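**Q** Please find the sequence and the predicted model below.
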Amino acid sequence: MKKAIYIFLISMLTTVSVSAQELTWHTDMGQASEFAIKEKKPLLMFFTGSDWCGWCIRLQNEVFKTDEFRKWANENVVLVELDFPRRTPQEDKIKAQNYQLQSMFQVRGYPTIWFVNPEMNSEKKISLKKLGSTGYVAGGPTKWIGAVASIL
């Protein structure tokens, strides 16, 4: 009986530890901007073709799905995924938002990552102050984080 309780407690601690490392990728830019303003963090806007772009998938696997990136992202940015899938269905509202942002930031290739500071004006409208952009950086999370440090 004691062994079963011990195993249960260990599994619960592991679950809490793993869930604390999970990332939240927002898809609604308005909600993400409000959250970023509240948290006083910049937005990391990830323009991706999640179901067809090889470099996007590689960036996800080599950087975004690592513990090092999770820790860095949770401390430094609010994540926004702006996806342009070919096979995966997408809500019309999200699709329109993503195309509008793609045009606004003149995104021509994937993956493209823009860092912006959302700011709310006196009329309660949000504007996005560009900080800089990057894409895929070879070398894993340490190199990628190092490359974006100058942007932030």
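**A** Ah, there it is.

**Q** Now do the helices in the chain.
**A** Using DSSP state H, the helices of the chain run over 2-20, 29-39, 54-59, 67-76, 92-104, 140-149.

**Q** Same list, those, but as a markdown table with mean pLDDT please.
**A** Formatted as a markdown table, the helices of the chain follow (pLDDT from 0 to 100):
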| stretch | mean pLDDT |
| --- | --- |
| helix 2-20 | 43 |
| helix 29-39 | 96 |
| helix 54-59 | 97 |
| helix 67-76 | 97 |
| helix 92-104 | 97 |
| helix 140-149 | 95 |
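
**Q** Residue 82: which of those is closest?
**A** Among these, helix 92-104 comes nearest to residue 82, with 4.6 Å by Cβ to Cβ. Any C-beta I mention is one placed from the backbone N, CA and C, and that applies to glycine too.

**Q** So which residues make contact with that closest one?
**A** 27-29, 45, 47, 82-84, 107, 128 (Cβ atoms under 8 Å, 6 or more residues apart in numbering).

**Q** the inter-axis angle of it versus helix 29-39?
**A** 70 degrees (axes from the mean of the first three to the mean of the last three Cα atoms, to 10 degrees).

**Q** For helix 92-104, buried residues please.
**A** 97-98, 101-102 (16 or more other Cβ atoms under 10 Å).
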